[in-house]
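Asker: Structural data only, the sequence is not supplied:
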């Protein structure tokens, strides 16, 4: 099915461990982004990409790395997990640039991460 | 300070009651405005959006929202809610100076009792 696929759906990490959250889309969308969702704080932008090879920081980038080697994939890496990174993570993609992006955000189903 | 603010974090209504969820933003300049809904266990889905023109916009499932520029507000309304409207609702704002980035409000959890 077309859409944004996130894996895993659930993950428990120990403090200091590293891991990669996967995000893939099959809609040939140029724009991809990662958000974290925390109670009472809504969704906050971590990193985003406007195309393969181009990434930029959002509101809360510290502790996270991203890369965009292909149009389809936009993995989010936690290099050394901390309890403060316990959250639900959403990947979103959208076609084109400018208004096309705003018209076409598609969200993945989320990854619930717990860091103990 | 939160740039997009949703006044109520948890709203509980009975079926057939009217709904209004508040959203205010603190940006000057031109903005694009959105309401998203997240049903339990699901991803965010677009309810409606405002880019320009008529400030009263209609979305899916009987929802509508009114952009009041002087009040920096974009409140979501529905005349008669259903149990199936139980979900979390997010207001989001795009500042035209920030490219395609969305800034979300804190979210409002709506519970509709049958």
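Answerer: Now that the structure is in, tell me what you want to look at. All figures in this text were calculated on a predicted structure; none of them were measured in a lab.
Asker: Give me the residue ranges of chain B where confidence is low.
Answerer: Residue ranges of chain B with pLDDT under 70: B:1-2.
Asker: Can you pull the residues of it lying near chain A?
Answerer: Proximity of chain B to chain A, by CB under 8 Å from any CB of the partner chain, involves residues B:4, B:6, B:9, B:32, B:34, B:42-46, B:49, B:51, B:90, B:92, B:94, B:99-107. (C-beta placed from N, C-alpha, C; glycine too.)
Asker: what about burial for these, which qualify?
Answerer: Using 16 or more other CB atoms under 10 Å in any protein chain shown as the burial test, those include B:4, B:6, B:32, B:34, B:43-44, B:46, B:49, B:51, B:90, B:92, B:94, B:100-107 as buried.
Asker: Would you list the phi and psi of residue A:28?
Answerer: When read as degrees, to the nearest 10, the backbone of residue A:28 gives phi 60, psi 30.
Asker: Just to check, it is in contact with residue A:70?
Answerer: No. The criterion here is CB atoms under 8 Å, and residue A:28 misses it with residue A:70 at 10.9 Å.
Asker: show me where the chain has strands.
Answerer: I went with chain A, as the question did not name one. For chain A, applying DSSP state E gives strands covering A:4-7, A:10-13, A:19-25, A:31-38, A:42-51, A:54-57, A:64-66, A:76-78, A:87-94, A:106-107, A:111-115.
Asker: meant chain B, my bad for not saying
Answerer: Along chain B, the stretches classed as strands by DSSP E are B:4-5, B:10-14, B:19-21, B:24-25, B:31-38, B:44-50, B:56-58, B:64-68, B:73-78, B:87-95, B:103-104, B:108-113.
Asker: The helix or strand bottoming out on mean pLDDT in chain A near chain B at all?
Answerer: Taking mean pLDDT, DSSP states H and E as the measure, helix A:99-103 is the helix or strand of chain A with the lowest mean score, a mean of 71. Yes. Interface with chain B: helix A:99-103 contributes A:99, A:101-103 (CB under 8 Å from any CB).
Asker: Distance to residue A:13 and neighbour count added to those, as CSV?
Answerer: Output for these, formatted as CSV (distance: CB to CB, whole Å; neighbours: other CB atoms under 10 Å in any protein chain shown):
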residue, distance to residue A:13, neighbour count
A:99, 38, 13
A:101, 31, 24
A:102, 34, 22
A:103, 36, 14
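Asker: between those, which is closest to residue B:23?
Answerer: Distances from residue B:23 to those, taken as CB to CB, are shortest for residue A:102 (16.6 Å).
Asker: This completes my enquiry, with thanks.
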